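Peer 1: what shape does this take:
(one chain, ligands or ions: 1)
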Amino acid sequence: MKLPKLKPLAKRQEVEVGDKERWKPTWNCFCCQDTGKVRTHLVSLVIPEYNPNRDRFPICQNCHLGESWIHLEGNYDLRLTPDICQELDRFAREGWKKTRRDWHENQKSQTQFEQEFQQLTQSKNLRKRDRSPEEEMFVTQHSQNVRENLELEIKPKSDEEKQLKEVEI
Ligand SMILES: [Zn+2]
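Peer 2: Reported below is the predicted structural model:
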């Protein structure tokens, strides 16, 4: 058969909830993001020299999902005790709260920006009509930048993804 050409499907790391547009992660455990492996940036808080490409990956003991990795003996690290993982979970939750706060701040400044922009064009009495295509593009671009910056912050680091893939192989 002729192989089909499919569009890539983007991973979904967070969902937009209701019209309040709150960003919320879909995982329950913030220590491992439901992968069973402690997230690399969290591991680094306990093992500062941790290198995911070289070192055994710490198994999450904040949830039960780490169990799915114990067949890979010699590849995992059990030294991150439940107490440590619990603390990492708490730490990561705080980080998420902050990200969401920042996002709301961004939204606020975005609205403010649009209002000021509108006032500017109207106060000069240049026109009473809607934005021109150029203006629309300018505003859209600004909005995209804000969003992209935020997405960069909340996406998991790519080395974590790589690490995950390697182990799966
Ligand atoms: Zn976990």
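Peer 1: from here on, just use CA atoms for contacts and neighbour counts.
Peer 2: OK.
Peer 1: for the protein, what lies in contact range of the ion?
Peer 2: Within the chain, the residues that sit near the ion (Cα under 5 Å from the ion) are 29, 32, 60, 62, 63.
Peer 1: I figured the third one hits residue 29, correct?
Peer 2: No - if you go by Cα atoms under 8 Å, residue 60 and residue 29 don't touch, sitting 9.0 Å apart.
Peer 1: those two: which is more packed in?
Peer 2: Shown here are residue 60 and residue 29; by other Cα atoms under 10 Å, residue 60 has more neighbours (33 against 24).
Peer 1: ok, now which ones touch the more buried one?
Peer 2: 31, 32, 36, 37, 38, 66, 80, 82, 85 (Cα atoms under 8 Å, 6 or more residues apart in numbering).
Peer 1: hang on, residue 44 is in a helix, isn't it?
Peer 2: Yes - checked against DSSP: H, G, I helix; E, B strand; the rest coil, residue 44 lies within a helix.
Peer 1: what sits closest to residue 42 if chain neighbours are left out?
Peer 2: Once flanking residues are discounted, residue 42 sits nearest to residue 88: 6.3 Å by Cα to Cα, 6 or more residues apart in numbering.
Peer 1: just give me how far the longest helix seen in the chain sits from the chain centre.
Peer 2: In the chain, taking DSSP state H as the definition, the longest helix is helix 82-123. Distance of helix 82-123 from its chain centroid, counting by Cα atoms, centre = their mean, to the nearest Å, is 13 Å.
Peer 1: and after it, which helix or strand comes next?
Peer 2: helix 133-154 (DSSP states H and E).
Peer 1: hmm, back to that, closest one of the residues of the chain next to the ion to residue 74?
Peer 2: Using Cα to Cα, residue 60 comes nearest to residue 74 of those, at 15.7 Å.
Peer 1: I'm done for today, thanks for sticking with me.
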